[in-house]
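In: Got a predicted structure here, sequence first:
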Amino acid sequence: MNEPLIFEYESAGRKGFTPPAGEAARIPAEWLRKDEPVLPRASELEVVRHFTRLSQLNFSIDTHFYPLGSCTMKYNPRVCNRLAMLPQFLARHPLGPVEHGQGFMQTMYELQEMLQVVVGMQAVSLTPMAGAQGEYAGVAMIRAYHESRGDHARTQIIVPDAAHGTNPATAVVCGCDVVEIPTRPDGDIDLDRLRAVVGPQTAGIMLTNPSTLGVFERQIAEIAAIVHGAGGLLYYDGANLNAIMGKTHPGAMGFDVVHMNLHKTFSTPHGGGGPGSGAVGVNSRLQPFLPVPYVQKCGDHYGWDTEKECPQTIGRLSAFMGNAGVLLRAYIYMRMLGAKGMQRVSEFAVLNANYLMARLVAAGFDAAYPDRRASHEFVITLKQMERDTGVSAMDFAKALLDHGFHAPTTYFPLLVPECLLIEPTESESKHTLDGFVEAMISIRDMAYTDAEKVKEAPLTMPVRRLDDVRAAKQPDLTWLPGAAT
Amino acid sequence: MPFIPHTEKDVADMLACVGVDRIEQLFEEIPPALRIAGVDGIPPALSEAEISRLMQTRARADGEPLCFLGAGAYDHYVPAVVWDIATRGEFYSAYTPYQAEASQGTLQVVYEFQTMLASLTGLDVSNASLYDGATAFAEACLMAVRANRVNKSRRILVPRLLSPVFRAVASGILAGQKVELVELPMLDGCTDIQALADFAGESGAAVVIQNPTFLGTLDKVDELTDWAHAHGALVIAVTNPTSLALLKPPGQWGQTGADIACGEGQPLGVPLSSGGPYFGFMVCRQALVRQMPGRIVGRTVDREGKPGFTLTLQAREQHIRRSRATSNICTNQGLIATAATIYMSLLGSSGLREVAVSCNVNTHALVDTLTAIPGVSRLFAAPFFHEAVLQLDRPVEAVLAELSAQGILGGYDLTADYPELGNALLVCATETRSASDIGKYAAALTKIFGAAV
C-alpha cells in the first residue's frame, strides 16, 4: 500500500491536541464504557503527513482537468472558502438569536433573491442539503399541492429514460409511481408517448434541460402544455443549469419547481462526495409548500419563517437550515460574477463544449447527436472502436488517467452504448482542451495498434484496476486490530 | 472575466473551429419565445478585495457571543490541523471517487472513517456519511422497516426524549413511505419503563433510544434494548459521538446491543457554522449492511494483488437501481467526514475521552453555579452527559433575550417543545467553557433575577 492505514501508526507522542485537564466525570459506572475504542495513536506530525500524503493520491480540479459530464467540475475559487470560514461565521450557533445573525441572514436572504432571478421563480428555500434532497422537496411539494386540492389520485411521476437515477428514486421515496417515457433518436422526448401516459393520475414530470444527452429539449413549451393540460406540474432538475444562465430559465420554459445544484453551477466544492446544496425555487402556485425555515425581510430586519408562518409547508429537511457554509460560498461566487459574469459562465461553458466536440468529431470520434448543438456537455460513443478493437469505454477512461486527465462520465446516459459524457466547464483554457484532444487521439490510435496495452490501463496510478467483484463478495469495510493490511 | 481564461484570439479560433461567427449562435436551439435578455436584478460584480470587505463586515456584525447553547450542535475546540488539511485542494475539489484508481486518497480516508465510527459505536459497519443527524435518523427508520423480517409493522416507537427536530424531519420523510412514529412517554427525564407494557402488543418495526437524550440525561439503555428485542423490534440508537469515548456504546447495550446507530457528527471537529455543513453517521450490524443507504467503501486488491480501496455494494444505490434503490441519496458529506477523520486521528481515544470528561465536568460546574441563584433549580435527578435542564421561576424567553443582549447565549428554551416542563431551559458547557466563562454567565443571570424580583 502507498500509505499505511492511520491505525498502523503507534506513536508514544500520541494525541495531537490536549484539551484542558478536568476532574473525573460524574457518571455512574453502569453507563460507562469499559473497552477503549480503536482510534489512531499518532502524533500531530504523523497525522499531518498521513492525510497530506493521502490527499496526494487524488485527482482533483486543483490538480487535473476533470471533464466529468453532468457534474460541472469548474474551478472552486479559494476566496469563497476563505470568506465562508471567517471566524464569526464558523462560531455562529444555528439556534442563536437573530440579533446575533443579521449579517449571515442578510446574506442568505440576498442569495434567495439572486437564485430566484436566475431560475425565474417566485420564491426560494435554501434548506435542501443536496441535489437529491432538492428533488425530494420538489416532488413532495407537487404532492402536497395536489393533496391540498383534494386531488388524491395524482400519484404518478413521469421521467424520461435519459434521466439521472436520482429522479425515479426520489419519486419512489415520495410515495409516487414512476412512468418512464422514451427519447427519440434526435435526443428530444417522444411527445406522442407523453400524450399517451398523461391523465388524471399524473402528478408531474421531472426533466433536466438541457437533458443528460447534452442537448436542449426544443419541445419544452409543448411538453409544458401537455403536462399542465392534464393537470400535472413540471419539475426542473437543475443539474445542467450551467448551460443556460441569462439565456433562458426554467420559469420561461414553464416549470413550476426547480432545484439548483449549488455545488455545480455556483462552484461550491464537491469535497470528494459532498457536501452539496440543492436549493429549491417555486412559482406562486407552490410557494405555500416550500420547506422551512427560510429568511424573511421585515424593514431592515431579517427573521426566519417557520411552520408558524407557513402552515402548508412540507416541513423540515435538515436539523437546522441546510448547509449554511456551502450557501455562503455560493453567495460569494455569485457576487463576484455579477449579472454579466453569470451569463458569461454559460456562454463559455457552451463554447468550450462545442469546441471540444467539433475537434473530437474532426478527429474521427462519433458524437452521439452529431446534428445537434452541444449544450455545456456532449456525448460521444466509442461503439465502433469497441467493435473493432475490443477496447471499451471503461478501458478508454482508465487510459485517460494515465494521460493526466480525469475520465469523463462513462456509461451514462444509459441510452448511448459505450459512451463518454464530457463536460469541460468554462474555467478550462483552450490549451487544456487541446491537450485533452491529443490524449483522446493518442489513446484511440493505441486501441487500433495495441488494444491489450489500453486494456492494461491505468499503469501510472497508485493502484492498478481494482477487483470490484471481490470487494462486493467479501466485503472488507472496517479495519480490525490485528487484521492483515 | 472572473474565472474564465480565454483570450480574444482563443475565442476567435474556437468559434472558427465550430463554424459559427458569434457565441450567441451556439444557443440557437433554444426557441426564441423562451429566450430572456439576461440575468436581471443581480448586483454588479465585486472584486476579490470588495467581496472580502463586505463579508468581513457582515461576519463582524454577528459577533461571537459566549455560548452555553447546545441542543444538537456543540461548541467544541477544533484543532488548526483539521481544516488546514481537509481544505487542501486535492480533498476539497475532488468528486465522488467513482474512478477509484485516481481517488485512493478520498477512498482510504472514508475506510478509516468507517472504521472509527464502527469502533466508537461498537457496531460492525459504517457508511461514508449522510447529510446530517436528522436525515440519518430518518434513513435509519426506513432501513429498520426494510430490514425487520419478523415484524412487518410500519410503526416505530420513539421516545419523548428524542430530538424534536430529528422527529420533525423524519416524520415528513417517513410519511411518503407510510411509516408512522409513535411516542413513548417519559418520566423524570428518562423513558417511562413502566409504560412499556402498554406497547407490548404493538412494539413496531423498531424502538428508538436516544442516549444521551435530547434533554441531556442518560436513559435506561439496557432495559429498553432488551425489551425491544424481546418484542421483535430492532433497536435504533441515536447518539452523540463525543459521548462514546466515555459512555457504553450502542453495540454493548442490553444483552445483544443495538442494531443501528446514527446521529449528528458535528461534535467531531465541525464548526457550528449556522447549522451546516455537518454530517450524519450511520453504523449497523454486519447482517443489515445490504439494507444500509449511502455510499460504502471497501478494501480489495488490484490486478497485481496490491491492496486498494473502492466504492462497493453499489447495487443498493440510485445510480444502479434507479426506482428500486434503498434511498434516493447520491451526495454525502465527504469533506466534513474527512475533517472528522482528521479530528479523531489527532485526539485518539484518550483525547476524545478527555473532551467528553471535560464537557461533563464543566456542565456540572455550570449547573451547580447557576442553581445557587434563587429562582433557578435543576429539574431531573437522572445523571447527564453534557447538557442539563434548569427550571426557572419565570418565562425563559425574556431571560434569554436579556442574556443575549449581554453577549451570552444562555441555552435552549424548551417551552415550545416540552410545555409540560414549565419554564425549562437546556444548558450546555463544553470543554471550551472556562471557569471564568461560567462566572460571567452566573453574574449576568444573578443580575437579571435580582433586578426583576
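Out: Structure's in. What do you need?
In: And the pLDDT for B:Ser203?
Out: pLDDT for B:Ser203: 82.
In: My read is that it contacts B:Ile156, right?
Out: No - contact status for B:Ser203 versus B:Ile156: not in contact, 9.7 Å apart, counting by C-beta atoms under 8 Å. Glycine gets a C-beta too; all of them are placed from N, C-alpha and C.
In: Same drill for those two, tell me which one is more crowded.
Out: Remark: of B:Ser203 and B:Ile156, B:Ile156 carries more neighbours, 26 against 22, as counted by other C-beta atoms under 10 Å in any protein chain shown.
In: Enumerate every residue touching the more buried one.
Out: If a contact means C-beta atoms under 8 Å, 6 or more residues apart in numbering or on different chains, then B:Ile156 has B:141, B:144-145, B:174, B:179-182, B:204-208, B:236 as its contacts.
In: and the residues you listed as TSV, adding secondary structure?
Out: Formatted as TSV, those follow (DSSP: H, G, I helix; E, B strand; the rest coil):
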residue	secondary structure
B:Cys141	helix
B:Ala144	helix
B:Val145	helix
B:Leu174	helix
B:Val179	coil
B:Glu180	strand
B:Leu181	strand
B:Val182	strand
B:Gly204	coil
B:Ala205	coil
B:Ala206	strand
B:Val207	strand
B:Val208	strand
B:Ile236	strand
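In: which of those has the most neighbours?
Out: Counting by other C-beta under 10 Å, top hit in those: B:Val208 with 32 neighbours.
In: Show the contacting residues for A:Leu328.
Out: Neighbouring residues of A:Leu328 by C-beta under 8 Å, 6+ apart: A:Cys80, A:Leu83, A:Ala84, A:Phe89, A:Phe104, A:Thr107, B:Met55.
In: Check A:Ser429 too.
Out: B:Pro5, B:His6, B:Asp10.
In: cool, B:Tyr278 as well?
Out: By C-beta under 8 Å, 6+ apart, B:Tyr278 lies in contact with A:Ala319, B:Ala73, B:Asp132, B:Gly133, B:Glu264, B:Gly265, B:Gln266, B:Val270, B:Gln333, B:Ile336.
In: which one of those residues is nearest B:Gln406?
Out: Among the contacts of B:Tyr278, B:Ala73 lies closest to B:Gln406 (C-beta to C-beta), at 21.6 Å.
In: Go ahead and confirm the closest one touches A:His93.
Out: Yes - if you go by C-beta under 8 Å, B:Ala73 and A:His93 touch, sitting 6.2 Å apart.
In: joint contacts of these two?
Out: B:Leu272.
In: So the two - more neighbours on which side?
Out: Set B:Ala73 next to A:His93 and count neighbours by other C-beta under 10 Å: B:Ala73 wins out with 27 against 24.
In: Grab the longest helix from chain B for me.
Out: Longest helix of chain B, by residue count under DSSP state H: helix B:334-370.
In: Tell me if that one is near chain A.
Out: Yes - Helix B:334-370 lies within reach of chain A by C-beta under 8 Å from any C-beta of the partner chain, at B:334-336, B:338, B:341-342, B:344-352, B:354-358, B:360-362, B:364.
In: buried set for that helix?
Out: Within helix B:334-370, the residues scored as buried using 16 or more other C-beta atoms under 10 Å in any protein chain shown are B:334-349, B:351-367, B:369-370.
In: for stretch B:403-411, same thing?
Out: Under the neighbour-count criterion of 16+ other C-beta under 10 Å, stretch B:403-411 has B:Leu403, B:Ser404, B:Gln406, B:Ile408, B:Leu409, B:Gly410, B:Gly411 buried.
In: Report the separation between the last one and chain A.
Out: Using C-beta to the nearest C-beta, to the nearest Å, one obtains 10 Å as the distance from B:Gly411 to chain A.
In: what's near enough to touch that residue?
Out: B:Phe68, B:Leu69, B:Gly70, B:Ala71, B:Leu390, B:Leu400, B:Leu425, B:Leu426, B:Val427, B:Cys428.
In: one more time with 10 Å
Out: Taking C-beta atoms under 10 Å, 6 or more residues apart in numbering or on different chains as the criterion, B:Gly411 is in contact with A:95, B:67-71, B:366, B:370, B:387-390, B:396, B:399-400, B:403, B:424-429, B:441.
In: pLDDT value on A:Gly13, please?
Out: A:Gly13 carries a pLDDT value of 51.
In: All the strands of the stretch 151-300 of chain A, residue numbers only.
Out: With strands called from DSSP state E, counting those that start in this stretch, the stretch 151-300 of chain A shows them at A:156-160, A:177-181, A:202-207, A:233-238, A:257-260, A:280-282, A:294-298.
In: what's the most buried one of those?
Out: strand A:280-282 (a mean of 31; mean count of other C-beta atoms under 10 Å in any protein chain shown).
In: State the paired neighbours of it in the sheet, together with their directions.
Out: strand A:123-125 (antiparallel), strand A:257-260 (antiparallel) (DSSP bridges).
In: could I get those as JSON lines with mean pLDDT and distance to A:Arg444?
Out: Putting the strands paired with strand A:280-282 into JSON lines (pLDDT from 0 to 100; distance: least, C-beta to C-beta, whole Å) gives the following:
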{"stretch": "strand A:123-125", "mean pLDDT": "98", "distance to A:Arg444": "45"}
{"stretch": "strand A:257-260", "mean pLDDT": "98", "distance to A:Arg444": "36"}
